[in-house]
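Q: Turn this into a structure:
(one chain, ligands or ions: 1)
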Amino acid sequence: MKEPIIWEIPIPEITLDEVFQAEGADYSQRPPHPRTVKLHRKIMEEAASLVRPTAIWIEVDVTGIGAGELFLEDGYKFSSNLLPNVARTAEKMLLISTTIGTAIEERLTEYKEAGKMSELYALDACATAFVAKAGTTAMSQVEDAYHRVGLKTTFPMGPGHSYWKGLEDMQVIFHFLQAERIGLHLNDSNLIIPTKSVAMVMGVGRDLPDFKGKTHCNFCNLQTTCPLSQAV
Ligand code: SF4
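A: This next block holds a predicted model:
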């Protein structure tokens with residue numbers, strides 16, 4: 001099996017607005033209370049001291065497509081209605097997972113056990129904003145590397161969104177990624193542990209369908225309500 005590549009990502013900058021968006025807070029009609037702003041700024045600093053963004057990725061050969069299925073090397077496959085459409089002419093799939101590590105989750109547990117719910121929610125939102133941004137940074141870096149050598153990439157997609165409902169395909173991603181190398185594993189429900197982690201795939205090839213600047217959120221029926229679609 002090919003060896004995955006591991007990258008320690010520089011800690012990204014997040015903004016107060018991104019944290020509020022990740023929280024699902026709406027301050028469009030009235031500004032947040034100064035006490036709320038102060039707490040969030042303090043927790044943002046704490047979060048930045050705790051995150052350790054790391055990505056792992058690998059290329060896998062595409063061997064064919066079927067109805068709602070995309071076939072991969074070694075007899076594996078992905079089952080999604082969107083994926084075989086978007087990546088129907090891809091030669092390879094790029095599989096990538098990004099995490100911000102365990103320290104922030106340990107702090108979340110401490111806040112929960114201490115009953116500090118305001119701090120808990122603010123830190124959780126910071127973690128969501130950090131992992132979304134670290135994931136975007138990692139994928140942009142990989143995309144740029146392909147584009148520099150004349151290859152095209154699809155927009156990133158992942159199991160667990162409405163266009164790719166089942167999480168079982170996380171097992172396929174983790175099989176190829178060997179993500180335990182950066183401390184990740186799947187629980188019995190195929191959720192990534194630690195939870196502040198993401199896994200995505202992109203098609204790679206010389207001649208890909210043109211989706212004109214669209215992202216996977218354009219194909220998701222949650223896009224008007226999902227805080228993640230607005231977090232980065
Ligand atoms: S709207 Fe939310 S759930 Fe849907 S694809 Fe975008 S991030 Fe995922």
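
Q: how about the residues of this structure near the ligand?
A: Contacts of the chain with the ligand, taken as C-beta under 6 Å from any ligand atom, map to 161-162, 216-217, 220, 222-223, 226, 228-229. Every residue, glycine included, has its C-beta placed from N, CA and C.

Q: I'd like these laid out as a markdown table, including secondary structure and pLDDT.
A: Shown next, in a markdown table, are the residues of the chain next to the ligand (DSSP: H, G, I helix; E, B strand; the rest coil; pLDDT from 0 to 100):
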| residue | secondary structure | pLDDT |
| --- | --- | --- |
| His161 | coil | 86 |
| Ser162 | coil | 85 |
| His216 | helix | 90 |
| Cys217 | helix | 89 |
| Cys220 | coil | 86 |
| Leu222 | coil | 80 |
| Gln223 | coil | 74 |
| Cys226 | coil | 72 |
| Leu228 | helix | 64 |
| Ser229 | helix | 62 |
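
Q: tell me the two of these that are most distant?
A: Maximum pairwise distance among those (C-beta to C-beta): 12.1 Å, between Ser162 and Leu228.

Q: In this protein, where is pLDDT below threshold?
A: When residues are selected by pLDDT under 70, those of the chain lie in 1, 224, 227-232.

Q: Helices of that one, start to end?
A: With DSSP state H, the ranges of helices along the chain come out as 16-23, 34-50, 83-86, 103-113, 117-148, 169-177, 228-231.

Q: Pull out the buried positions in stretch 215-225.
A: Within stretch 215-225, the residues that qualify as buried are 216-217, 219-220, 223, counting by 16 or more other C-beta atoms under 10 Å.

Q: Pairing partners for the residue nearest the centre of the chain in the sheet, please.
A: Residue closest to the average C-alpha location in the chain (C-alpha atoms, centre = their mean): Val198, at 3.4 Å. On the basis of DSSP bridges, Val198 is bridged to Thr98.

Q: OK, contacts around it?
A: Neighbour list for Val198: 97-99, 131-132, 135, 158, 192 [criterion: C-beta atoms under 8 Å, 6 or more residues apart in numbering].

Q: And Val131, how far from Asn218?
A: 21 Å (C-beta to C-beta, to the nearest Å).

Q: longest strand in the chain, by residue count?
A: Once the chain is assigned using DSSP state E, the strand that runs over the most residues is strand 54-66.

Q: so how far is Ile192 from the residue lying closest to Gln178 once chain neighbours are set aside?
A: Once flanking residues are discounted, Gln178 sits nearest to Pro4: 5.6 Å by C-beta to C-beta, 6 or more residues apart in numbering. Using C-beta to C-beta, Pro4 is found at 15 Å from Ile192.

Q: Please apply the same query to Glu110.
A: 21 Å.

Q: if we can go back for a sec, distance to Thr63 added to the buried residues of stretch 215-225, as a markdown table?
A: Listed next are these as a markdown table, based on distance: C-beta to C-beta, whole Å:
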| residue | distance to Thr63 |
| --- | --- |
| His216 | 23 |
| Cys217 | 29 |
| Phe219 | 24 |
| Cys220 | 27 |
| Gln223 | 32 |
